[in-house]
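Engineer: Turn this into a structure:
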Amino acid sequence: MAGSPVFDAALDAETAFARYEQVRPRLPATDFPATSQKVATLGDLADQYDGFLLDAFGVLNVGDTPIPGAIARMAELRAMDKRLCVLTNAASYTRSGAVEKYHRLGFDFSPDEVVTSREVAARRLDTIAPGAHWAAFSAPGDDYHDIPARLSDAIDSPGLFDSADAFVFLSSLRWTPELQDRLMNALIRNPRPVVIANPDLVAPREDGLSLEPGLFAHGMLDRINVATHWFGKPFADAFDDAAERMDLPRGRIAMVGDTLHTDVLGGRAAGMGTVLIADHGLFAGRDVAPFITASGIVPDAIAATT
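Structural biologist: So this is what the prediction gives:
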């Protein structure tokens, strides 16, 4: 993969959007409303929904910085007896780690109000490969204590590329072109299941967009055919787990996010209302209308901010 645009190009919103469109056939299919309601904040939608399912990056925070007004908005919605739940694709975080982060930022979410794509994947690993020894690609220091399967760090123990029964991609923090090539070559020699626990291509940070596991997984699938299992938005299992946690009719839940191809598409496919946050996250500083027109992914509502 040396010289690949996956590693060498700076991804902005336009480039990320174009890549999402290229991989669209691998994403869920659904229908969309003809137009979007335009509102200032989530408070303007409170009478339409009983619960709000919230993306984290671009909705609650950008990197380690809370979005202005987001903490107060959560308090306002709680005061209206709205149910809240965070659904995040940040698979390097355990649920307790995610809750701790949100508390550090000033949010008051309880453990029952957070669903991570990590735990969505973890619940299903044994169904995919019963009793498997999983080679994990993860953040430094991850000990997998929350995952009910046998996982070992394949970056620290590269022999696992050949000996492991299956692979799980939790974080791209340490990913390199060399590791991308090693994984593809290992799968060509011996095909095995691959779980992607974060389908995002990018995530908004204070200094730009980070490259996420979904970006590298799609790059791999462009070149080789391998059994791949996706967990996290926009795929159904993540929304199933969140809906179960919220215990509301899906039509009374609004999925709130900053991306069209994960939050809006996934929420609509799950039978939920959808809200695109326009001023933060992926489309910050841009007019979202051309992206909506080009993709045909139309949210039920567009809010300037949380």
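
Engineer: How about the spatially most central residue of the chain: what's its closest non-neighbour residue?
Structural biologist: Closest to where the C-alpha atoms of the chain average out (Cα atoms, centre = their mean) is Asn89, at 2.9 Å. The shortest distance from Asn89 to any non-neighbouring residue, by Cβ to Cβ, 6 or more residues apart in numbering, is to Gly232 (4.1 Å). Just so you know, the C-beta spots here come from the backbone N, C-alpha and C atoms, and that holds for glycine as well.

Engineer: Next, the buried residues of stretch 135-154.
Structural biologist: By 16 or more other Cβ atoms under 10 Å, the buried positions in stretch 135-154 come out as Ala135, Ala136, Phe137, Ser138, Asp142, Tyr144, Ile147, Ala149, Leu151, Ser152, Asp153, Ala154.

Engineer: Those residues in strands, which ones?
Structural biologist: Counting by DSSP state E, these place Ala135, Ala136, Phe137, Leu151, Ser152, Asp153 in strands.

Engineer: Quick one: residues contacting the residue nearest to Asn89.
Structural biologist: Listed by Cβ atoms under 8 Å, 6 or more residues apart in numbering, the contact set of Gly232 reads Asn89, Ala91, Ser117, Val120, Ala121, Ile196, Ala197, Asn198, Pro199, Asp200, Ala238, Thr262.

Engineer: Show me those that map onto strands.
Structural biologist: Members of the contacts of Gly232 lying in strands (criterion: DSSP E): Ile196.

Engineer: between the contacts of Gly232, which is closest to Glu21?
Structural biologist: Using Cβ to Cβ, Thr262 is the member of these that sits closest to Glu21, with 13.0 Å.

Engineer: got a list of what that closest one touches?
Structural biologist: Contacts of Thr262 (Cβ under 8 Å, 6+ apart): Asp55, Asn89, Pro199, Asp200, Gly232, Lys233, Pro234.

Engineer: want to throw those residues into TSV with pLDDT and distance to Asn61?
Structural biologist: Below are the contacts of Thr262 laid out as TSV (pLDDT from 0 to 100; distance: Cβ to Cβ, whole Å):
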residue	pLDDT	distance to Asn61
Asp55	97	10
Asn89	97	14
Pro199	98	19
Asp200	97	15
Gly232	98	18
Lys233	98	16
Pro234	98	20
